[in-house]
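Novice: no FASTA, just this:
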């Protein structure tokens with residue numbers, strides 16, 4: 001019985017969150033730049049994984065379910081990145097409109 005990729009991804013995310021919580025408790029909180037860089041790296045990795053799975057699917061070396069799951073994860077990741085970017089731009093614009 002194979003473990004779905006989404007389950008492995010969720011387990012990895014949980015493990016990383018637990019490590020981050022321990023780091024914060026020990027006073028080693030990562031900076032905003034490190035968190036943002038890590039998140040963008042994961043978004044790029046999700047896109048690359050989707051492309052790899054699509055190529056494997058075309059070569060009939062991967063199940064259709066795995067291909068659809070990888071593409072859906074990449075799409076969700078990209079939507080999240082765009083939403084965060086839009087929110088950051090909005091916050092920047094709010095700051096720029098503040099009276100001095």
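Specialist: All right, it came through fine. As the structure is a computational prediction, the values presented were derived from the model and not from experiment.
Novice: Can you list the low-confidence ranges for this protein?
Specialist: Residue ranges of the chain with pLDDT under 70: 1-11, 13-15, 17-29.
Novice: Now with 90, please.
Specialist: The chain contains residues with pLDDT under 90 at 1-40, 81, 84, 100.
Novice: So which other helices or strands are in contact with the top helix by length along it?
Specialist: Using DSSP state H, we find that the single longest helix of the chain is helix 64-97. Contact here means 3 or more CB pairs under 8 Å, 6 or more residues apart in numbering; DSSP states H and E; on that basis helix 64-97 packs against helix 5-25, helix 32-58. All C-beta spots, glycine's among them, are computed from the backbone N, C-alpha and C.
Novice: now the angle between helix 32-58 and it, please.
Specialist: Using axes from the mean of the first three to the mean of the last three CA atoms, to 10 degrees, the direction of helix 64-97 lies 150 degrees away from that of helix 32-58.
Novice: Good, we can wrap up now.
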